[in-house]
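Trainee: Below are the sequence and a predicted model; questions follow.
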Amino acid sequence: MIKKFIRKILGVKDERDPTQPVILGPEEHRIDPKLLSPNAVRVTQALQEAGFKAFVVGGAVRDLLLGVKPKDFDIATDATPEEVKKLFRRAFIIGRRFQIVHVMFGQELLEVTTFRGNAAVNAPKDEHGRVLRDNNFGPQHEDAERRDFTINAMYYDPATQSVLDYHGGIEDIRDKVLRIIGQPEARYREDPVRMLRVVRFAAKLQFTIEPATRAPIPVMAPLINNVPAARVFDEMLKLLQSGHSLACLKELRAAGLHHGLLPLLDVVLEQPIGMKFVTLALESTDARVKAGKGVSAGFLFASLLWHQVLEKWNAYRAAGESPIPALHLAADDVLDNQTDSLALQRRIATDMRDIWAMQPRFERRTGKAPYKLLEHPRFRAGFDFLLLRCESGELDAELGNWWATFYGADANERERLINSAREPQGGDKKKRPRRRGPRKTGEGDAVAAPSQESE
């Protein structure tokens with residue numbers, strides 16, 4: 001006991017036989033079985049009854065140990081993908097780099113993977129060492145060694161309510177430490193996305209990254225450029241929708257990982273208005289996630305990239321381009337630049353363009369223009385974006401207040417607002433435009449906090 005305490009003080013991990021796990025019973029790990037998905041239990045039970053080993057694994061076990069209901073449940077087994085598929089009516093084998101099975105129960109998707117072996121040393125790799133294909137299966141202890149971090153390398157058996165821990169993950173959870181399994185440089189070279197994952201976990205769980213795990217990241221960050229853009233985008237989306245997006249971006253920046261992913265983020269966060277705008281957008285996103293509400297990816301990326309668009313928009317206008325064409329040119333420049341590093345899906349890019357393109361239209365508050373803008377399918381997202389611009393100090397708050405009132409007003413009040421917007425500024429007696437009647441429309445709802453609902 002004393003020896004173990006001294007080793008812990010010195011930061012030295014206990015030496016243990018990596019083929020033999022520490023087994024913890026329910027009185028030690030204290031996992032609440034009620035937090036488990038009944039369908040995850042069904043899958044492990046069906047596999048075990050067919051003669052296979054089967055465990056809930058990875059992030060689900062980590063969350064269960066932290067007393068949090070997991071969002072997703074992954075299953076690990078010694079059954080091959082073909083053997084798993086035969087046991088379930090709605091099961092589909094997917095994946096090229098590593099085959100997995102998706103088992104569907106209604107709307108719930110469970111991911112079932114076969115234990116991976118250490119034969120990855122012979123797996124096809126690119127010139128930078130990134131593993132391209134890896135369908136080598138092996139025993140459970142090798143599967144545990146192949147997982148990224150100690151806290152994600154534990155296995156829970158619902159039948160016996162026991163946790164199998166091969167790499168001291170339970171200790172690291174208790175100590176709130178993120179530690180990579182194996183030699184950090186080699187593991188990051190195998191899969192550079194692990195550098196993004198460690199940042200996300202550190203911010204989300206409020207864990208400390210162990211020094212040896214953190215040290216290589218600034219030097220090896222450029223390896224992320226060799227990862228398929230779609231994988232990087234998926235990881236960035238998880239990071240931004242984690243409920244801790246602001247903390248994640250700060251951690252990304254501190255680790256030197258944002259270069260190439262979100263270029264000019266340093267510039268934005270060093271400008272008072274830009275920093276306040278991004279902070280407000282991410283705080284709104286985090287609040288929605290924590291409240292169990294949906295988050296629009298289009299709104300998120302439109303917010304993060306807005307000040308790049310704004311800078312280019314101002315440049316085009318200064319060069320003599322009309323405002324609307326200038327905005328479209330600025331959007332094209334920014335989106336084309338991001339396509340190389342983030343595989344923005346066409347639907348998301350379209351939402352972003354719509355949100356940006358609406359912004360000049362909010363300044364037109366006469367005639368039928370406000371009514372036409374209300375009919376835009378992405379109006380609410382564009383309106384929420386406008387409110388963020390006003391709250392950050394980029395625009396006069398009066399514009400946001402006018403639209404907030406107009407949005408929630410009845411037909412008569414809307415007509416009064418349009419008439420007041422026609423009044424000449426500064427007392428000039430300019431000729432008023434011909435009065436137009438309002439387009440018939442129903443009464444709007446009361447204005448809520450920014451919803452990010454662009455879909």
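Mentor: On my side now, so go ahead.
Trainee: give me the low-pLDDT residue ranges for the stretch 251-400 of the chain?
Mentor: Along the stretch 251-400 of the chain, segments meeting pLDDT under 70 span 259-271, 339-341.
Trainee: As a check, name the ranges of all helices in it.
Mentor: 265-270, 272-290, 297-318, 323-339, 346-358, 369-374, 379-391, 397-408 (DSSP state H, counting those that start in this stretch).
Trainee: What is the neighbour count of residue 51?
Mentor: 9 (other Cβ atoms under 10 Å). C-betas here are computed from N, CA, C, even on glycine.
Trainee: quick one, domains of the chain?
Mentor: Domain assignment for the chain, taken from automatic domain parsing, gives 2-175, 185-274, 296-427.
Trainee: got TSV for those domains, with distance to residue 288 too?
Mentor: Output for the domains of the chain, formatted as TSV (distance: least, Cβ to Cβ, whole Å):
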stretch	distance to residue 288
domain 2-175	15
domain 185-274	9
domain 296-427	9
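Trainee: quick one: which of these is nearest residue 290?
Mentor: domain 185-274 (5.1 Å; Cβ to Cβ).
Trainee: Could you dump the helices of the stretch 251-400 of the chain into a markdown table with mean neighbour count and distance to residue 68 added?
Mentor: Converted to a markdown table, the helices of the stretch 251-400 of the chain look like this (neighbours: other Cβ atoms under 10 Å; distance: least, Cβ to Cβ, whole Å):
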| stretch | mean neighbour count | distance to residue 68 |
| --- | --- | --- |
| helix 265-270 | 16 | 29 |
| helix 272-290 | 18 | 12 |
| helix 297-318 | 21 | 23 |
| helix 323-339 | 17 | 33 |
| helix 346-358 | 19 | 28 |
| helix 369-374 | 17 | 41 |
| helix 379-391 | 22 | 29 |
| helix 397-408 | 16 | 37 |
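Trainee: Please render those helices as TSV that adds distance to residue 72 to the earlier fields.
Mentor: Output for the helices of the stretch 251-400 of the chain, formatted as TSV (distance: least, Cβ to Cβ, whole Å):
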stretch	distance to residue 72
helix 265-270	29
helix 272-290	15
helix 297-318	18
helix 323-339	28
helix 346-358	22
helix 369-374	38
helix 379-391	27
helix 397-408	37
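Trainee: wait, which of those is closest to residue 172?
Mentor: Of the helices of the stretch 251-400 of the chain, the one closest to residue 172 (Cβ to Cβ) turns out to be helix 272-290, at 25.0 Å.
Trainee: by contact count, what packs against the closest one?
Mentor: Applying 3 or more Cβ pairs under 8 Å, 6 or more residues apart in numbering; DSSP states H and E, one finds that helix 272-290 contacts helix 245-255, helix 265-270, helix 297-318, helix 379-391.
Trainee: 6 Å instead, please
Mentor: Applying 3 or more Cβ pairs under 6 Å, 6 or more residues apart in numbering; DSSP states H and E, one finds that helix 272-290 contacts helix 245-255, helix 265-270, helix 379-391.
Trainee: That helix to helix 245-255, inter-axis angle?
Mentor: 120 degrees (axes from the mean of the first three to the mean of the last three Cα atoms, to 10 degrees).
Trainee: Report the angle between helix 272-290 and helix 297-318.
Mentor: Going by the same axes, to 10 degrees, helix 272-290 makes 160 degrees with helix 297-318.
Trainee: so how far is helix 272-290 from its chain's centroid?
Mentor: 14 Å (Cα atoms, centre = their mean, to the nearest Å).
Trainee: and what of stretch 62-73?
Mentor: 18 Å.
Trainee: re earlier: the domains of the chain: which one's closest to residue 284?
Mentor: Once the domains of the chain are compared by Cβ to Cβ, domain 296-427 is nearest, at 7.5 Å.
Trainee: for that closest one, the distance to its chain's centre please.
Mentor: 24 Å.
Trainee: Same check on stretch 21-39?
Mentor: 27 Å.
Trainee: got the contact list for that stretch?
Mentor: Taking Cβ atoms under 6 Å, 6 or more residues apart in numbering as the criterion, the residues outside stretch 21-39 that touch it are 64, 69, 73, 105, 108, 161, 162, 163, 164, 165, 166.
Trainee: From the residues you listed, list just the buried residues.
Mentor: 64, 73, 105, 162, 163, 164, 165, 166 (16 or more other Cβ atoms under 10 Å).
Trainee: now stretch 32-48: mean pLDDT?
Mentor: For stretch 32-48, mean pLDDT rounds to 97.
Trainee: Now for the buried ones among the contacts of stretch 21-39: which two are most distant?
Mentor: 105 and 166 (29.0 Å).
Trainee: Number of residues surrounding residue 115?
Mentor: 22.
Trainee: on that earlier part again, between the contacts of stretch 21-39, which is closest to residue 217?
Mentor: Nearest member of the contacts of stretch 21-39 to residue 217, counting by Cβ to Cβ, is residue 166, at 24.4 Å.
Trainee: residues touching the closest one, list them.
Mentor: So residue 166 contacts 21, 141, 144 (Cβ under 6 Å, 6+ apart).
Trainee: Where does the nearest residue to the first one once chain neighbours are set aside sit: helix, strand or coil?
Mentor: When you say that, I think you mean residue 21. Of all residues not flanking residue 21 in the chain, residue 164 sits nearest, at 4.0 Å (Cβ to Cβ, 6 or more residues apart in numbering). Secondary structure assignment for residue 164 (DSSP: H, G, I helix; E, B strand; the rest coil): strand.
Trainee: Could you check how far residue 164 is from residue 22?
Mentor: Distance from residue 164 to residue 22, counting by Cβ to Cβ, to the nearest Å: 8 Å.
Trainee: Is residue 164 in contact with residue 157, as I believe?
Mentor: No. Applying Cβ atoms under 6 Å, one finds residue 164 not in contact with residue 157, separated by 7.4 Å.
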